[in-house]
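Peer 1: Below are the sequence and a predicted model; questions follow.
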Amino acid sequence: MIANLTNLVLNMKNIQERQSDLVNDTCNDCGSYADIGAVIDEHDRVLTIEIAGDDADMQIERLVNAAKARFDNVEVDVIDKAGSKILSLTFAFSAEKMIYQLHNNL
């Protein structure tokens, strides 16, 4: 068992040594380890946007169409609020939400 653990540690060190600094998940400046799970929450699937103005309906339609064109099973909810509208888009996966936000500069 100790031999297996030693081999595993050596394997990990070899992988890290061959890995580019651009791919490494440890900060070169401060030594902090980046835990991807801390950045991406698998349950964070709802994007809420408040839109105001005379063209709020048009903006909402554009955002909804862009979401539905790119991803399946997007759920849409629009709530009228005094002077604005609140659009909620629920994606199947948190990665879809992030991709949508990046592609639409949100």
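Peer 2: Yep, that arrived. Residues are numbered from 1 along each chain as shown.
Peer 1: only C-alpha atoms for contact and neighbour calcs from this point on.
Peer 2: Noted.
Peer 1: And the helices in the protein?
Peer 2: Along the chain, counting by DSSP state H, helices occupy 2-18, 36-39, 56-70, 94-103.
Peer 1: Low-confidence stretches in the chain?
Peer 2: 1-39 (pLDDT under 70).
Peer 1: how's it carved up into domains?
Peer 2: 2-34, 41-103 (automatic domain parsing).
Peer 1: mind checking the end-to-end distance for the last one?
Peer 2: For domain 41-103, the first-to-last residue distance is 19 Å (C-alpha to C-alpha, to the nearest Å).
Peer 1: Kindly export stretch 65-73 (C-alpha atoms) in PDB.
Peer 2: Output in PDB follows, covering the C-alpha atoms of stretch 65-73 (Å, rounded to 0.1, in the frame of the first residue of the first chain):
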ATOM      1  CA  ASN A  65     -34.200  34.000 -27.700                       C
ATOM      2  CA  ALA A  66     -30.500  33.900 -27.400                       C
ATOM      3  CA  ALA A  67     -30.800  31.500 -24.400                       C
ATOM      4  CA  LYS A  68     -33.200  29.200 -26.100                       C
ATOM      5  CA  ALA A  69     -31.300  29.200 -29.400                       C
ATOM      6  CA  ARG A  70     -28.100  28.000 -27.600                       C
ATOM      7  CA  PHE A  71     -29.400  25.700 -24.800                       C
ATOM      8  CA  ASP A  72     -32.200  23.200 -24.400                       C
ATOM      9  CA  ASN A  73     -34.600  23.300 -21.500                       C
END
